[in-house]
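In: Fold the following.
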Amino acid sequence: MNRIKSNLDVCMTVFSLLSHYVSLYPHIFSLSFISSAYLYVAVVGVNTSPDFINPTGKLTIIDTTTQKIVNEIELPGQPDAVATTSISFIESSLESEEDDDNGPYYIVVAIENERDEDLGDGTPPQLPPGYISIIDIASKDALQDPTTWTIRNIELTNSTLVDDACLYSNDPEPEYVAINSQNTKVVITLQENNCFVIIDLLSGLISDAYEGGSVTLNNIIDTTEDSIISATESGIELLREPDGK
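Out: Down below sits the predicted model:
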């Protein structure tokens, strides 16, 4: 209950501290937490893009104890989802006396660079493409000092694996990210591209990619754009278009 209350308080603090951006850019936040004996911070993806063609963003780190912004990291575009090394992994690492358990830890941001759905019929591709940003926290000591955190930007284009698995591989739009419990891989969903991509966190290399596939639905589809909801159509094959978990 205390953790839940703390998270709710942090969310209110985030909106208060970043109210300037809220007035300029609605729908700007993706929020996660890093919790340890050393530090308890909120990491917030902030979309500051002036338009769809020139996407910009930042990762804002907020100390939940002092309720102050302790660092901001420029991102290569418009952030969507944010994931962090799991709390259980961090806590286990901090309790260990083994040198091998001294980090690194990660924050991963899906840089979607979403398209303008009102441009033409809204279908991709619409450049610029998206990225994956990996923020490296090198060690236990680095957990205490967010100003030491560094960023790597991983391109999803020019990959044979992505070309084979994903639609519109020249315009990837990563939607959601999740780090595995071993803290070694990040799984990325690309909704419009109808695929999944897996990246090795240490090397930043794409290790695999999978097509999302399709499904045939019956008696639950309404594809007619009108004022009547009539979910009666059948036999329509639709792409799965993976989003969140």
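In: least trustworthy helix or strand in the chain by mean pLDDT?
Out: None of the helices or strands of the chain scores lower by mean pLDDT, DSSP states H and E than helix 19-24, at a mean of 49.
In: Quick one: residues in contact with stretch 149-162.
Out: The contact list for stretch 149-162, computed with C-beta atoms under 8 Å, 6 or more residues apart in numbering, reads 61, 71, 73-76, 107, 111, 129-138, 142, 169-170, 172, 174, 188, 190, 195, 197, 199, 204, 206, 208-209. (Each C-beta comes from the backbone N, C-alpha and C, glycine too.)
In: which ones among these are found in strands?
Out: Using DSSP state E, the subset of the contacts of stretch 149-162 located in strands is 61, 71, 73-75, 107, 111, 131-137, 188, 190, 195, 197, 199, 206, 208-209.
In: Of the contacts of stretch 149-162, grab the buried ones for ChimeraX.
Out: With 16 or more other C-beta atoms under 10 Å as the criterion, this ChimeraX line picks the buried residues out of the contacts of stretch 149-162:
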select :61,71,73,75,76,107,111,129,130,131,132,133,134,135,136,137,142,169,172,174,188,190,195,197,199,206,209
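In: Now the residue at minimal distance from the centre of the chain. Its backbone dihedrals?
Out: Averaging the C-alpha coordinates of the chain gives a centre point, and the residue nearest to it by C-alpha atoms, centre = their mean is Ala81 (2.5 Å). Main-chain torsions, Ala81, degrees, to the nearest 10: phi -90, psi 150.
In: next one: the one 10 residues further on
Out: With angles defined as degrees, to the nearest 10, Glu91 sits at phi -60, psi -40.
In: cool, and the one 3 residues further on?
Out: Recorded main-chain torsions at Leu94 are phi -70, psi -30, according to degrees, to the nearest 10.
In: That one - how many residues pack around it?
Out: When counting by other C-beta atoms under 10 Å, one arrives at 15 neighbours for Leu94.
In: Please tell me the pLDDT value assigned to it.
Out: As predicted, Leu94 sits at a pLDDT of 81.
In: start the count at 14, not 1, going forward
Out: Done: numbering now begins at 14, and the last item shifts to Leu107.
In: so it makes contact with Lys153?
Out: Yes. Here Leu107 reaches Lys153: they are 6.2 Å apart, a contact under C-beta atoms under 8 Å.
In: correct me, but Arg253 touches Glu224?
Out: No. Taking contacts as C-beta under 8 Å, Arg253 lies outside contact range of Glu224: 9.2 Å.
In: Any chance you could list residues touching both of the two?
Out: Common neighbours of Arg253 and Glu224 (criterion: C-beta under 8 Å, 6+ apart): Asn207.
In: Let's verify Val54: helix, strand, or coil?
Out: strand (DSSP: H, G, I helix; E, B strand; the rest coil).
In: For it, give its distance to Lys81.
Out: Distance of Val54 to Lys81, given as C-beta to C-beta, to the nearest Å: 10 Å.
In: and what of Gly143?
Out: 31 Å.
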